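1. predicted coordinates and the sequence they were generated for:
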Amino acid sequence: MPHDHDHPHPHAHDHDAHAPIVEDAAPGYYEVMETALRELLIGKGLITAAEIRRQIEVLDSRTPALGAKVVARAWTDPAYRARLLEDGRAAVEELGITVYDDTQLIVLENTETVHNLIVCTLCSCYPRPVLGLPPDWYKLKPYRARAVSEPRKVLAEFGTVLPEGVEIRVSDSTSLVRYLVLPRRPEGTEGWSEEALAALVTRDAMIGVVPVTLAQEAA
Amino acid sequence: MAASVPDHVSRLPNDIGGAEAGPIVQVEHELLPWEKRCHALADVLDFRKIVNTEEKRKGVEALGETLIGQLPYYERWTVAFANILFAKGLLTPSELARKMQEVEARFGPPAGEAASDAAAPAGEPAR
């Protein structure tokens, strides 16, 4: 079995004990390759250093707080919720969130009877404009392999146990179509401000592996 | 006995939906600076229509199951980019090998390790 492991930076610790290399400097083989590729492409005028810098800033600017803002708006504004479910991309752009990777966004609403879960079985496609980059577990084999065949067991491993009657729908992302789960608004939050609601909404709830709960506020 | 198509015939390495797998371990890590640069490079290659997301995924798949199993995520992307750019005629393996030596030379004296196998990146996972 390919061991999709959880140690994504082997060269950080693998210096030969006999080689007098200063710990801080020497980059790993693949880091060197990435730098070389980037510099060659810049040298050929195919990309620019400024584009890379800008994109790093874009990546840094995307966190689950954006998705949480979208969810809280949908909970408090029925017209917005309708627009969000109709055209996810247009609705998040309405809040000033640019869909920088030019993907379609489909928002899936959880209800009393339907629970949604997102996955990318082939790789790691993810609603990056609204959630940032995916966690490692989303990219690793166990989640990708099992989410589509035994979602109930997968959810249970995240501590989420749904009543038997609830239908689970799993949506498999592609390079062009991404999904975002609109979780259920927890009971007991009537009259809460949009900001207070947004603070309850976690990344994992928008992937669909956990519900939004009041208890998370304290966590 | 009816012949059934074995998984390794009907499925490419990335196609693991529904496969047997162990428990989910909720690991995550803050990207290392070079990993973030690699991600930004991937995005820019996509924006510039040089390597799109699907080409990148197929490029990773083309590394084969063994290498996919050995290399972490951004390492796979990096090697896939090199191969794709070679295939598109945008870079040559010797150009990349020379550039890698140049980049390595910025970080102190050469440690006597072979840095010249850049053109055949299917070697050791970490050096």
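-> Yep, it's here.

2. tell me the SS of the residue nearest the centre of chain A?
-> By C-alpha atoms, centre = their mean, chain A has its centre lying nearest to A:Pro134, at 4.0 Å. Per DSSP: H, G, I helix; E, B strand; the rest coil, the local secondary structure of A:Pro134 is coil.

3. distance of it relative to B:Met100?
-> 29 Å (C-beta to C-beta, to the nearest Å). (Each C-beta comes from the backbone N, C-alpha and C, glycine too.)

4. rewinding a little: the nearest residue to the residue nearest to the centre of chain A once chain neighbours are set aside and chain B, how far apart?
-> Excluding the flanking residues, the one nearest A:Pro134 by C-beta to C-beta, 6 or more residues apart in numbering or on different chains is A:Tyr126, at 4.1 Å. Distance, A:Tyr126 to chain B, using C-beta to the nearest C-beta, to the nearest Å: 11 Å.

5. test my guess that A:Tyr126 contacts A:Leu105.
-> No. A:Tyr126 is beyond contact range of A:Leu105, at 11.1 Å (criterion: C-beta atoms under 8 Å).

6. could you give the number of residues near A:Trp137?
-> By other C-beta atoms under 10 Å in any protein chain shown, the residues close to A:Trp137 number 21.

7. mind checking which helix or strand B:Asn14 is in?
-> Under the criterion DSSP states H and E, no helix or strand holds B:Asn14.

8. which ones are touching it?
-> Neighbour list for B:Asn14: A:122-123, B:57, B:60-61, B:68 [criterion: C-beta atoms under 8 Å, 6 or more residues apart in numbering or on different chains].

9. mind redoing it with 7 Å?
-> Neighbouring residues of B:Asn14 by C-beta atoms under 7 Å, 6 or more residues apart in numbering or on different chains: A:122-123, B:57, B:60-61.

10. any chance of the residues you listed in JSON lines, plus distance to B:Ile84?
-> Listed next are the contacts of B:Asn14 as JSON lines, based on distance: C-beta to C-beta, whole Å:
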{"residue": "A:Leu122", "distance to B:Ile84": "17"}
{"residue": "A:Cys123", "distance to B:Ile84": "15"}
{"residue": "B:Arg57", "distance to B:Ile84": "11"}
{"residue": "B:Val60", "distance to B:Ile84": "10"}
{"residue": "B:Glu61", "distance to B:Ile84": "12"}
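
11. what's the most distant pair in the residues you listed?
-> Across the contacts of B:Asn14, no pair lies farther apart than A:Leu122 and B:Val60, at 9.8 Å, counting by C-beta to C-beta.

12. can you give me the pLDDT of B:Ala3?
-> pLDDT, B:Ala3: 68.

13. contact partners for the spatially closest residue to A:Arg38 that is not a sequence neighbour?
-> Excluding the flanking residues, the one nearest A:Arg38 by C-beta to C-beta, 6+ apart is B:Leu41, at 5.4 Å. For B:Leu41, the contacting residues are A:34, A:38, A:52, by C-beta under 7 Å, 6+ apart.

14. ok, 10 Å please
-> For B:Leu41, the contacting residues are A:34-35, A:37-38, A:41, A:47, A:51-52, A:55-56, B:51, B:74, B:77-78, B:81, by C-beta atoms under 10 Å, 6 or more residues apart in numbering or on different chains.

15. now do B:Arg11
-> B:5, B:17-19.

16. now swap in A:Glu57 and tell me
-> B:Ala40.

17. and the strand or helix carrying it, how far out from the chain's middle?
-> Using DSSP H and E, A:Glu57 maps to helix A:49-61. In this view, helix A:49-61 has its centroid 18 Å away from the chain centroid, taken as C-alpha atoms, centre = their mean, to the nearest Å.

18. repeat that for stretch A:117-131.
-> 6 Å.

19. what about it, start to end distance?
-> 15 Å (C-alpha to C-alpha, to the nearest Å).

20. what segments of the chain are helices?
-> Picked chain A for this. A:29-43, A:49-61, A:64-76, A:78-86, A:88-94, A:128-131, A:136-139, A:141-146, A:151-157, A:194-198, A:203-207 (DSSP state H).

21. meant chain B, my bad for not saying
-> So, for chain B - with DSSP H - the helices run B:7-10, B:33-47, B:53-61, B:64-70, B:73-87, B:93-105.

22. I'd like the helices of chain A as CSV, with mean pLDDT appended.
-> Supplementary listing: these in CSV, determined by pLDDT from 0 to 100:
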stretch, mean pLDDT
helix A:29-43, 98
helix A:49-61, 98
helix A:64-76, 98
helix A:78-86, 98
helix A:88-94, 98
helix A:128-131, 98
helix A:136-139, 96
helix A:141-146, 97
helix A:151-157, 97
helix A:194-198, 97
helix A:203-207, 98
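
23. nearest to A:Tyr179, of the ones you listed?
-> helix A:88-94 (8.3 Å).

24. how about the closest one against chain B, any contact?
-> No. On the criterion C-beta under 10 Å from any C-beta of the partner chain, helix A:88-94 is out of touch with chain B, staying 16.3 Å away.

25. follow-up on the earlier one: closest one to A:Ser175 among the helices of chain A?
-> Closest among the helices of chain A, once you apply C-beta to C-beta, is helix A:128-131, at 11.7 Å.
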